[in-house]
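Undergrad: following is a predicted model, sequence given first.
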Amino acid sequence: MQSKVLTTCEFCGCGCNFYLGVEDNSLTAVYPATSHPVSQGRLCVKGWMGHDYVNSYERLKTPLIKERGKFREASWDEAYKLIADKIQQTKSQYGSDSIAVFSSAKCTNEENYLLQKFARAVIGTNNVDHCARLCHASTVLGLSQTFGSGAMTNAIGEIGKAEVIFIIGSNTSEQHPLVASQIVAAVKKGAKLVVADPREIQLAKVATLYISQKPGTDVALINGMLNVIIAEDLLDKEFISQRTEGYDELKELVAGFTPEKTSEITGIPADKIIEAARIYAKGQASTIIYSMGITQHTTGVDNVISCANLAMLTGNVGKESTGVNPLRGQNNVQGACDMGALPNVYSGYQAVTNEELRQKFEKAWGVKLPAEVGVTVTDAINKIESKDIRTIYIMGENPIISDPDSNHTEQALKSLDFLAVQDIFLTETAKLADVVLPGVSFAEKNGTFTSTERKVQRVRKAIEPVGLSRPDWKIITELAAFLGYKMEYDSPSDIMDEIAKFTPSYGGISYDRLEEGGLCWPCPSADHPGTPYLHKEQFARPGGKGKFFAVPYRAPAELPDDEYPLTLTTGRIAFHWHTGTMTRKSWTLDREYPNGYVEINNNDAAKLGIRNKAMVKVTSRRGEITLQAKAVNTIQEGLLFIPFHFAEAAANKLTANNLDPVAKIPEYKVCAVKLEGV
Amino acid sequence: MSATRIIDKKKLADFLETLSSDCEVIIPTVEDGNLLFSELGSSKLEDSFKGRPIVSPKEYLFPQKEKILAFDTTDKVNVDIKAYTNDKKRVIWGIRPCDLHGIKTLDAIYLSDFVDTYYQARRKNTIMMGLNCNEPCETCFCNSCQTGPFASEAYDVVFTDLGDKYLVKVGSDAGQEAVDKIPNLFAEATNDDEKKAGELEEKSKQSFQRKVDVDVAKQNLPESWDDALWAEESEMCILCGGCNFTCPTCHCFNIEDVQCGEKASIRMRYWDSCQLGGFTQMAAENTRENQAARLRQRIFHKYIYTPDKYDGAIGCTGCGRCIEVCPVNIDITHILGRVASK
Amino acid sequence: MIENIYVPHLMTITKIRDEAENVKTFTLEFKDSQIGKNFDYKPGQFGEVTLFNIGEAPISITSSPANKGYLELSVANVGKVTSALHQKNEGDVIGFRGPYGNGFPFEEVSGKNILFVAGGIGLAPLRSLINQMFAERNKFGKISILYGCRIPNLLCFQNELDNWAKLENSEVLLTVDACPENDWKGNIGVVGSLLPNIDIDLENTVAFVCGPPVMIHFVILDLLKMGFSGDNIITTMERRMECGLGKCGHCNIGEKYVCKDGPVFSYQQLKELGENI
Ligand SMILES: Cc1cc2nc3c(=O)[nH]c(=O)nc-3n(C[C@H](O)[C@H](O)[C@H](O)COP(=O)(O)OP(=O)(O)OC[C@H]3O[C@@H](n4cnc5c(N)ncnc54)[C@H](O)[C@@H]3O)c2cc1C
Ligand code: SF4
Ligand code: SF4
Ligand code: SF4
Ligand code: FES
């Protein structure tokens, strides 16, 4: 007999819902939820066909302990004890801050909450972070500074009703298919679409205007648009005067960004910049959609701020179908941030440096908590060499493939005193671990994910954990017990109750309420309906006003030169997810894109004598990979694109660990490379 | 066949429960606002409902993924091969006329020439009880495809919702046998009942929001082969496969060996989608190299190839699922409309 | 119990021969000799070969039905299944189901001159037909075999090519696209370039063309230019296949399934089917 379990998709931040068909403890079918406001009975190919990994033979089924370079199976208690001993040891010898914990945007809110609690209350360090660092750390910072809240301002469903949609640095159809669905619907209804991207993405085909900026020149482009809007008096003066501050500085700075000057920097013709500014500013409801093309730069925070400037200047925020909408990649990257899997905040972005808030959590958790901000994922890796970080505990991440400069990451992890990894597969990272703990997939546990539109939704257990694997939340509580700290919860629902109690924006969220459907935070009380769009009456910043920041243009850190004459940008494709650990186990997804490839402009290919589909070598200062060339006319000349899912042609062997100075996000979107035939 | 009967709505549950004593009974049910097929017993019988579940009942005959063979090579020479069988008896109640017709199309494909072992086993053990559509949904156009809204064939039993009771027509011996299990639940239908059903059918036919001139579209399709419309209509396709997966007549599958032990694997077959590039990928080339060709294949397969190959009936039931499921609104009725107006 | 059309038969690999660079020829015998006795096929038919726990691949039968008791398959190593097969040893067991497809016309072309044009591994299915024709030699007129490969190392069935050339009223012409090692004395050029070298009685000749899709495409154009009628050009279609039974839909072209209604088609039939060749 088959049962059907309603749950939330484990891949991207769209947060689609579907039923999983279950028979004999395995997943046999998928049924899209027709009543779900984002899915509406539709899914992308990952939602339909991506779940084969759950029942894969390669799943980790028992804890593993490495002895003399080889893994052996171990009991849970044995593994826990070893990890607990090592943590104790490191702690007493080198202090709590020599330990770092990486949480996971794939895991549930409850698990992220517990893991940051584990780091702070059990280990005693704020060294907890997760891969949001690598995708949207700049969003969190940029939007907090300008609006006071680092998330998508509006709901996905509102995009369908927008008048103007400005997409910058998001290949929406590939990365957030069900958001692209809203955009296509809006365009069909007559909305104007402006796409700014160095690659002519699929949505560019239906765009009113497509502009192609040089990689890393987004600040200049937006400053140029601001310049036009001010010069042509297309701004919303009332909004600026009543709801914002800092306008004068902005005005002064962007005065220098005339269309001509902007054109020089960005490579976009001046008249197109003017046109883009006009279309955006004239819309009654204009919405900005961006993703990693904005955030993954050394100017990531500046890029985000620029988007916020643009929205505020035209009063396009705080209303339905407007706003600044960062599309968060992972299914629960929003939630992992919300839960405080970040080195500077507890759940709900409550600063660890705030005395009062810290005391609240000290009381709640019954321990003294560290007051200093911890290290980020990227810093932690860098601090291994100096022996400032000696032990790392990783839950559900594969930094070797996902972090920049893979070779360096791998070397660093190898030189740790101790590495413990909790995962569902023996990933490239897990292979380096001293202890591996088998966690479970989204289908084997209860919990919640928070989608990119800040919507908290239920994940429901469909099958029993495979082998001896255990739900990740359980693993954390059991490991805590070995370290002498009691975490007692009967179920993830209990954990959510604790989250609600100490997290104002999640205050009204409970499993009972989620049975009726998802809730968008802020949802401060049990009778609060949730908040589909933010900043309605006032901004979430202290004082309630939005703040303009005048951001000057800075060029990317590594520009092409004679030796490395091409620019490389990296990203995702619709068929794979992240490092491919899950999606590459689905025959469909693997068949469609079995191998890595590099996109190159037809003209560049011709100049280099490279035929379409020929094997080529791409080299940067950090490494080289060999893969197939895909000659296209949809990418700028001088630019290459490589999807980062393929371990054997890992794009991140090439990327540089150049970080945004504030957000510490690596510049995945620009590095200098050369390409040659093999 | 026997005369038309009626059954009180309240007694339908009794009827189905009786049947469930020796087989699985599947019914459509609404859960959290989603219409799904589900097993009687674990879900409630709806008093009335509109539309059809987003995934068609073909999956009870041709599952989304199905184990077909098991291999064990522990003994290298005497490799153990086990074939899975399925003899579960099933009644599916509430199949819409479009889906009844879809199963008829699948029968033509799977039960001709090489008889598909797995389909046949399931088909033999399945009794199909239809439910006519008093109210078509927004994406349906079965009327244009002459498969609905009321069923005229391909059912064992078919029900028409008359408000507080159902009109019941039997279409096969198996259906008769099922109805005869508890004859006292059924009463003879009156002329009024039949008349009312006729009126409902007329009314339903009048309320379609979509219409396709199938004959003209079919006639014009061959001419449209090189038309720009295929590229235009397919340009936003995100390759989700949903149009194929939900279609009641799509029969394509992929075969994969999935490891399940050190030296053992299960040969599975999975629903596949001709909208995906890998579907026709070969070592040196792809025989359908762009999305335009793939969309064209989907439409031609339904409207030209299937009727040519089998009994002349088109392979599209007009159920509208491929419209509803498409994230980027690629709309078969719009495409056929364009073709028809050339 | 009805017969399960998906169950492969076990076959033992009795011989493995290196045929050309990256190509091996496998001789197979049914483990159950009863099945072997009843197994009959036509040249041009193929089977689905199972490498247990790896997968299936469609492979043409290259031996001739005139030789009873065993099957031969010549396989290029290109991917998952074919590379697993290449790793097998004599004595190992694989799975096989078939024969599938329509096969080449035989009686229908008796009395005619026969022109074979093959490229690369495409000679494998033709070899079956060629050997069957030589086995019933008196049914056919002149037999011409034109065979080309990218480079000399890729030429398959070299011994047989030599033998065929020696047989009465037959000719064998070889060519390679290029010769990097400079050890090739024969013709250099695509296989179509051999066509002007032979005498052809257009009315009375049937051409069989088999090879990579591009090669087929150009050879057919050449033949048409020479004046061949579409009915007298016979070719095989390669398509991605899964079931081999006309069910899985992968090989569909028009109302045909290449696995079942093909893979052998006349050019005339293909033209009517519409989809590009
Ligand atoms: C009727 C027919 C007869 C054939 N006869 C022979 C033969 O005699 N000798 C021979 O060496 N090859 C033959 N082939 C080709 C052979 O089937 C493919 O090379 C083989 O399926 C590749 O399988 P794989 O698992 O090794 O490769 P994979 O790892 O699956 O893929 C390697 C490449 O082959 C392509 N491919 C995969 N499956 C198929 C398929 N079913 N059909 C075509 N391409 C595919 C893939 O797209 C990929 O590019 C024949 C094909 C057909 C359709
Ligand atoms: S769009 Fe995202 S959430 Fe929806 S099915 Fe695809 S991966 Fe899952
Ligand atoms: S093609 Fe579309 S409308 Fe026709 S039967 Fe299939 S899903 Fe229904
Ligand atoms: S449902 Fe739409 S987007 Fe998905 S494959 Fe079909 S046509 Fe393409
Ligand atoms: S291979 Fe399955 S239909 Fe031809």
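TA: Arrived safely, thanks for sending. Ligands and ions are numbered 1, 2, ... in the order given.
Undergrad: chain B: helices as residue ranges?
TA: For chain B, the helices identified by DSSP state H occupy B:9-19, B:97-110, B:117-124, B:142-145, B:173-180, B:191-206, B:214-220, B:229-234, B:242-246, B:291-300, B:306-309, B:321-324, B:332-340, in order along the chain.
Undergrad: what does the stretch 551-678 of chain A give?
TA: The residue ranges that make up the helices of the stretch 551-678 of chain A, judged by DSSP state H, counting those that start in this stretch, are A:587-592, A:602-608.
Undergrad: out of those, which one sits most buried?
TA: helix A:587-592 (a mean of 22; mean count of other Cβ atoms under 10 Å in any protein chain shown). Heads up, the C-betas are built off the backbone N, CA and C, glycines and all.
Undergrad: can you give me the end-to-end distance of stretch A:14-30?
TA: Distances were taken as Cα to Cα, to the nearest Å; on that basis the terminal residues of stretch A:14-30 are 17 Å apart.
Undergrad: touching ligand 4 at all, it?
TA: No: counting by Cβ under 6 Å from any ligand atom, ligand 4 has no neighbours in stretch A:14-30; the shortest distance is 13.5 Å.
Undergrad: follow-up on the earlier one: I'd like the helices of the stretch 551-678 of chain A laid out as JSON lines, including mean pLDDT.
TA: Rendered in JSON lines, the data for those read as follows (pLDDT from 0 to 100):
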{"stretch": "helix A:587-592", "mean pLDDT": "84"}
{"stretch": "helix A:602-608", "mean pLDDT": "95"}
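Undergrad: okay if I get those as CSV plus distance to ligand 2?
TA: CSV is the format used below for those (distance: least, Cβ to the nearest ligand atom, whole Å):
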stretch, distance to ligand 2
helix A:587-592, 11
helix A:602-608, 31
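Undergrad: hmm, A:Arg622 and A:His408 touching each other?
TA: Yes: judged on Cβ atoms under 8 Å, A:His408 makes contact with A:Arg622 at a distance of 7.3 Å.
Undergrad: between these two, who's got more neighbours?
TA: Regarding A:His408 and A:Arg622, a neighbour count based on other Cβ atoms under 10 Å in any protein chain shown identifies A:His408 as having more, with 21 against 18.
Undergrad: pretty sure the more buried one sits in a strand.
TA: No: A:His408 sits outside any strand when classified using DSSP: H, G, I helix; E, B strand; the rest coil, being helix.
Undergrad: contacting residues around the residue lying closest to it once chain neighbours are set aside?
TA: What sits nearest to A:His408 in space, not counting adjacent residues and going by Cβ to Cβ, 6 or more residues apart in numbering or on different chains, is A:Asn657, at 6.8 Å. If you count contacts by Cβ atoms under 8 Å, 6 or more residues apart in numbering or on different chains, A:Asn657 has them with A:378, A:382, A:403-405, A:408, A:666.
Undergrad: ok, now how distant is A:Asn657 from A:Ser138?
TA: Look at A:Asn657 and A:Ser138: by Cβ to Cβ, to the nearest Å, they are 15 Å apart.
Undergrad: check contacts around residue 159.
TA: As the question left the chain open, I've gone with chain A. Shown here is A:Ile159, whose contacts under the criterion Cβ under 8 Å, 6+ apart are A:165, A:179, A:182-183, A:186, A:287, A:289, A:321, A:325.
Undergrad: look at chain B instead
TA: For B:Phe159, the set of contacting residues under the criterion of Cβ under 8 Å, 6+ apart consists of B:7, B:12, B:93-94, B:129-132, B:166-168.
Undergrad: mind running it again at 6 Å?
TA: Shown in contact with B:Phe159 (Cβ atoms under 6 Å, 6 or more residues apart in numbering or on different chains): B:131, B:166, B:168.
Undergrad: from those residues, which is closest to C:Glu3?
TA: C:Glu3 has its nearest neighbour among these in B:Leu131, at 36.1 Å by Cβ to Cβ.
Undergrad: B:Ile92 is in contact with the closest one, correct?
TA: No: no contact is recorded between B:Leu131 and B:Ile92 when judged using Cβ atoms under 6 Å, the distance being 10.2 Å.
Undergrad: tell me where the stretch 1-150 of chain C has strands.
TA: Assignment of strands within the stretch 1-150 of chain C using DSSP state E, counting those that start in this stretch yields the ranges C:9-20, C:23-30, C:46-51, C:55-60, C:71-76, C:93-100, C:113-119, C:143-149.
Undergrad: now those strands in CSV, with mean neighbour count?
TA: CSV is the format used below for the strands of the stretch 1-150 of chain C (neighbours: other Cβ atoms under 10 Å in any protein chain shown):
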stretch, mean neighbour count
strand C:9-20, 17
strand C:23-30, 20
strand C:46-51, 25
strand C:55-60, 24
strand C:71-76, 22
strand C:93-100, 21
strand C:113-119, 25
strand C:143-149, 24
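Undergrad: who wins for proximity to B:Thr74 among these?
TA: Using Cβ to Cβ as the criterion, the shortest distance between B:Thr74 and those is 12.5 Å, found for strand C:93-100.
Undergrad: which other helices and strands does the closest one contact?
TA: Contacts of strand C:93-100 with other secondary structure elements, assessed using 3 or more Cβ pairs under 6 Å, 6 or more residues apart in numbering or on different chains; DSSP states H and E, are made with strand C:9-20, strand C:46-51.
Undergrad: now it: average pLDDT?
TA: Average pLDDT, strand C:93-100: 95.
Undergrad: residues in contact with the residue of the stretch 101-250 of chain B at minimum distance from ligand 1?
TA: Closest contact between the stretch 101-250 of chain B and ligand 1, by Cβ to the nearest ligand atom, is at B:Phe114 (15.8 Å). B:Phe114 makes contact with C:5, C:245, according to Cβ under 6 Å, 6+ apart.
Undergrad: show me the contacts for B:Lys76.
TA: Shown in contact with B:Lys76 (Cβ under 6 Å, 6+ apart): no residues.
Undergrad: check the gap between it and ligand 4 for me.
TA: For B:Lys76, the distance to ligand 4 equals 42 Å [Cβ to the nearest ligand atom, to the nearest Å].
Undergrad: go on, A:Gly484?
TA: With distances defined as Cβ to the nearest ligand atom, the gap from A:Gly484 to ligand 4 amounts to 53 Å.
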